[in-house]
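J.: prediction below, plus the sequence it came from.
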Amino acid sequence: NAGVTQTPKFRVLKTGQSMTLLCAQDMNHEYMYWYRQDPGMGLRLIHYSVGEGTTAKGEVPDGYNVSRLKKQNFLLGLESAAPSQTSVYFCASSYMSGYGYTFGSGTRLTVV
Amino acid sequence: QQQVKQSPQSLIVQKGGIPIINCAYENTAFDYFPWYQQFPGKGPALLIAIRPDVSEKKEGRFTISFNKSAKQFSLHIMDSQPGDSATYFCAARGAQGGSEKLVFGKGTKLTVNP
């Protein structure tokens, strides 16, 4: 009963480096989302997907790219990391649009 | 931009107290209002949810009160326990960019002292 699994759990990057965060779900959910959580800012949507092969921009997409080549996986990429991208990143999936979000346990990213 | 405004930012109560967290919204097209609970180091988890045609919903010690005319809803925690200490997020479901998604409040950090 894994649900939503995020890897890695922690990462420290230098400014300008790139990395990919992986989200995997085993619930056969169509919808997947990437959020970032910052103190006092709540959960802000970065990108989302409404099905395999689809992606769309959320509230704060700049500096990030995503891909959903397989239904169970949703990847979040940072091409050139900046200190402003220091945050905790959460992936979520849902069986219906806007309902029943299941979140992963998060990736804490620090950009120095 | 669609928003859900949540207050207070933080709340401290004694064990057995009844903390109340409030949320307000503008978009009358929102059709589903969940609350999420998040413990430190964990992802948010669905706690309880309500639809706008219902004025109150209870699940155990957790109650949502919904006031459609005022466009407000709140979470009450009866007989609060130290184990309820967490961050709570309200949310609302609405159409954005062609598909329905949740819009989250900024969260309330609740501390229940023994």
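T.: Structure received.

J.: C-alpha from now on. contacts and neighbour counts both.
T.: OK.

J.: the helix or strand residue A:44 falls within packs against which elements?
T.: For residue A:44, the enclosing helix or strand under DSSP states H and E is strand A:42-49. Packed against strand A:42-49 by the contact rule (3 or more Cα pairs under 8 Å, 6 or more residues apart in numbering or on different chains; DSSP states H and E) you find strand A:31-38, strand A:56-57, strand A:64-67, strand B:99-104.

J.: kindly recompute the last result at 10 Å.
T.: strand A:31-38, strand A:56-57, strand A:64-67, strand A:73-78, strand A:87-94, strand B:86-96, strand B:99-104 (3 or more Cα pairs under 10 Å, 6 or more residues apart in numbering or on different chains; DSSP states H and E).

J.: which among those strands is found nearest to residue A:3?
T.: strand A:87-94 (9.0 Å; Cα to Cα).

J.: any idea which element residue B:22 lies in?
T.: Per DSSP H and E: strand B:20-25 holds residue B:22.

J.: are the following helix or strand past that strand and chain A in contact anywhere?
T.: Using DSSP H and E, the helix or strand that follows strand B:20-25 towards the C-terminus is strand B:33-38. Yes - Strand B:33-38 reaches chain A (Cα under 10 Å from any Cα of the partner chain) through B:33-34, B:36, B:38.

J.: number of residues surrounding residue 50?
T.: I'll assume chain A. 21 (other Cα atoms under 10 Å in any protein chain shown).

J.: try chain B instead
T.: Residue B:50: 21 neighbours (other Cα under 10 Å).

J.: buried set for stretch B:75-86?
T.: Burial within stretch B:75-86, assessed by neighbour count using 16 or more other Cα atoms under 10 Å in any protein chain shown, is assigned to B:75-78, B:80-81, B:84-86.
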